[in-house]
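>>> Sharing a model prediction with you, sequence too.
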Amino acid sequence: MKLSTWNVNSLNVRLPQVLACLQADPVDALCLQELKLTDDKFPLAAFEEIGYHAVFTGQKTYNGVAILTRAPAGDVVKNIPGFDDPQQRVIAATLDTEAGPLRVISAYCPNGQSVGSDKYAYKLAWFAALRGWLQEELARHPRLAVLGDYNVAPDDRDVHDPVKWEGSVLVSEPEREAFRGLLSLGLHDAFRLFEQPPKLFSWWDYRQFAFRRNAGLRIDHILLSDTLKAVCSACTIDKAIRKNEQPSDHAPVIATLEI
DNA sequence: ATGGTGGACTTTCCA
């Protein structure tokens, strides 16, 4: 089976591309971030028409996450339990597989704006809360996959110009520490389980011809529990999607699991 | 030097 994640930066604008993407590669679950729409505006019928189910939690203008699945999903949780937050950044759901239940989480981690800002403090607090919850989720679900936009480039291989970016938001050591804190629970960066081409990123700024210059960062990740790591056979970034007309600034990340 | 682009929704916030 295949799991994918894509920050679409407005589902309104990107809906045709999401539909085309699913029809070209009908993954079992696609996690979306930055829907930028309220639940009443979610295009459920369009997904149902091509054979997908959806769970989602949105808000006006900002944030919003979803999980699209070929089979119905259950046990839905919205937001991080116990972390009071009006920003809709997390949704979890469980899929039945032949190997047993598979827990899928779609996460849109805070951007953090700039090191030392209020939004940066919120980002670090958010990661701490996420870690606490994921620890519980791992105890409940041996087959756990956490997909999304983490807004962290884990190490210098994930940065087009590490010298220029040193210490900046998305790259700073406290953010990388927070990311490693998730891995320390027993999660694995699916992309790094395999040999990868150098300078392959998942996000390129819209400005200054960043995509044309491959001036990107790898900030979208698929984290897998030990049990899923053992059955993961590939992880790729679909960089070609970023060449579309009216592209999202992010490209999808796809993991293949032999279950 | 604090820009630049894109999205949502307003004359500005957020990424």
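Looks like it arrived, so ask away.

>>> can we go C-alpha only for contacts and neighbour counts from here?
Will do.

>>> just the helices in the stretch 51-200 of chain A please.
A:118-140, A:162-165, A:173-183 (DSSP state H, counting those that start in this stretch).

>>> Which of these sits closest to DNA strand B?
Counting by CA to the nearest atom of the strand, DNA strand B lies closest to helix A:118-140 out of the helices of the stretch 51-200 of chain A; the figure is 6.7 Å.

>>> what mean pLDDT does that closest one have?
The average pLDDT for helix A:118-140 rounds to 98.

>>> do the same with stretch A:93-105
97.

>>> Contacts for that stretch next, please.
Under the criterion CA atoms under 8 Å, 6 or more residues apart in numbering, residues A:31, A:55, A:67, A:71-77, A:90-92, A:141, A:143-147, A:259 lie in contact with stretch A:93-105.

>>> wait, which of the helices of the stretch 51-200 of chain A is closest to residue A:210?
helix A:162-165 (14.0 Å; CA to CA).

>>> which helices and strands does the closest one pack with?
Applying 3 or more CA pairs under 8 Å, 6 or more residues apart in numbering; DSSP states H and E, one finds that helix A:162-165 contacts no other helix or strand.

>>> Give the buried residues for that helix.
By 16 or more other CA atoms under 10 Å, helix A:162-165 has no buried positions at all.

>>> could the helices of the stretch 51-200 of chain A be laid out in CSV, adding distance to DNA strand B?
What follows is the helices of the stretch 51-200 of chain A, written out as CSV (distance: least, CA to the nearest atom of the strand, whole Å):
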stretch, distance to DNA strand B
helix A:118-140, 7
helix A:162-165, 11
helix A:173-183, 15
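
>>> Give me the three-state assignment for the closest residue to DNA strand B within the stretch 101-250 of chain A.
For the stretch 101-250 of chain A and DNA strand B, the shortest gap (CA to the nearest atom of the strand) falls at residue A:207, measuring 3.6 Å. Here residue A:207 is recorded as coil under DSSP: H, G, I helix; E, B strand; the rest coil.

>>> can you check residue A:223 too?
Classification of residue A:223 by three-state DSSP places it in strand.

>>> what's across from it in the sheet?
residue A:146, residue A:189 (DSSP bridges).

>>> ok, it - contacts?
Listed by CA under 8 Å, 6+ apart, the contact set of residue A:223 reads A:145-147, A:183, A:187-190.

>>> closest point of the stretch 51-200 of chain A to DNA strand B, which residue?
For the stretch 51-200 of chain A, CA to the nearest atom of the strand, closest residue to DNA strand B: residue A:61, 4.0 Å.

>>> who are the neighbours in contact with that residue?
So residue A:61 contacts A:36-37 (CA under 8 Å, 6+ apart).

>>> One more: the one 10 residues further on?
Contact criterion CA under 8 Å, 6+ apart gives A:28, A:52-53, A:95 as the residues in contact with residue A:71.
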